[in-house]
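# Kindly return the folded structure for what I paste below:
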Amino acid sequence: MSEIEPGVPVLIRDAFGEWLRRRALTGVIQGADFPVVWACREEEWAAAHAEGASLTRCRGQPRTFASL
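The predicted structure is shown next:
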């Protein structure tokens, strides 16, 4: 597996088993039971970048929790 870092496009599986294209907010971190990556939608990433906001927050709380 390649290294995931903030800002890279990722394909994630949500809690319902659906595959979604997102932007990574974090690298791989250890969750309670498995590794995870926090991610947001592309438009949230672009808006945060345009506003000069912290890209690791993506307009507030991260919206998608992806298991690897």
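
# quick one, helices of the protein?
Counting by DSSP state H, residue ranges of the helices within the chain are 42-51.

# Where does the prediction get shaky in it?
In the prediction, the chain carries residues with pLDDT under 70 at positions 1-2, 53-68.

# Give me the most central residue, it.
The chain has A39 as the residue nearest its centroid, 1.1 Å off, counting by C-alpha atoms, centre = their mean.

# what's the burial count for R13?
13 (other C-beta atoms under 10 Å). From N, CA and C alone the C-beta is placed, and that goes for glycine too.

# And it, how far from A50?
Applying C-beta to C-beta, to the nearest Å, the value for R13 to A50 is 28 Å.

# What degree of burial does the closest residue to the residue nearest to the centre of the chain other than its chain neighbours show, as a neighbour count?
Ranked by C-beta to C-beta, 6 or more residues apart in numbering and with sequence neighbours excluded, the top spatial neighbour of A39 is R22, at 3.7 Å. The tally of other residues near R22 (other C-beta under 10 Å) stands at 24.

# ok now do R22, which residues does it touch?
Taking C-beta atoms under 8 Å, 6 or more residues apart in numbering as the definition of contact, the neighbours of R22 are P9, V10, L11, I12, A39, C40, R41, E42, T64, A66.

# and it, bridged to which residues?
Assessed by DSSP bridges, R22 has beta-bridge partners V10.

# State the distance from it to V10.
From R22 over to V10 the distance is 6 Å, taken as C-beta to C-beta.

# ditto for E44
From E44 across to V10, the span is 14 Å (C-beta to C-beta).
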